[in-house]
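Trainee: pasting the sequence and the predicted coordinates here, then a few questions.
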Amino acid sequence: MVKIIMSESEPLIYNSEFLPNVQIAIVFEENPQYANLKPLFDEYGYGFMVPGKNLVIIDGEQFIDNFSADVLKFIEAHEISHIIMGHDGPRSEEDEMDADLGAYILLQQSGKTDSIKTLLKHFKDRHGVRFSEDLLDRVKDYF
């Protein structure tokens, strides 16, 4: 069941398109929990999955002026890939690259070409290597 709350003091919550039993919560600064989540966003980026909770939390403040729905789908696919591959910490560069590769597969399967363009545009900066479909061998068995 999709639950959407429109108040910025409450998170926007919906079921993931990529893994429907996982909820995506987008939180804004007006949310009473945002102050507690802000250090996690600072450490993990625009979003993170909560191990063992089927929950992804995304920093809604980044989408007010900075990002589009295509970036949001890329972040969602990246975090869902962490869940699919069983990543539960500690954070590693290898897991981050694998999550981007998994996101590529999920986005490709769902036809999100603009989100794929975002992923490809930032892949080298994020991982120090150019994207190659050969890299997908690292993760393809999960998807």
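Mentor: That came through fine.
Trainee: from Asp114, how far out is the nearest residue to Leu19 once chain neighbours are set aside?
Mentor: Once flanking residues are discounted, Leu19 sits nearest to Ile80: 5.0 Å by C-beta to C-beta, 6 or more residues apart in numbering. All C-beta spots, glycine's among them, are computed from the backbone N, C-alpha and C. Using C-beta to C-beta, to the nearest Å, one gets 18 Å for the distance from Ile80 to Asp114.
Trainee: looking at these two, which is more packed in?
Mentor: Per other C-beta atoms under 10 Å, whichever of Ile80 and Asp114 has more neighbours is Ile80, with 22 against 15.
Trainee: what about the more buried one, which SS state?
Mentor: helix (DSSP: H, G, I helix; E, B strand; the rest coil).
Trainee: do Val56 as well
Mentor: Classification of Val56 using three-state DSSP returns strand.
Trainee: so it touches Ile24, yeah?
Mentor: Yes: at 5.0 Å, Val56 and Ile24 qualify as touching, with contact defined as C-beta atoms under 8 Å.
Trainee: residue contacts, Ile105?
Mentor: Contact partners of Ile105, counting by C-beta atoms under 8 Å, 6 or more residues apart in numbering, are 81, 136, 139-140, 143.
Trainee: right, I'll leave it there.
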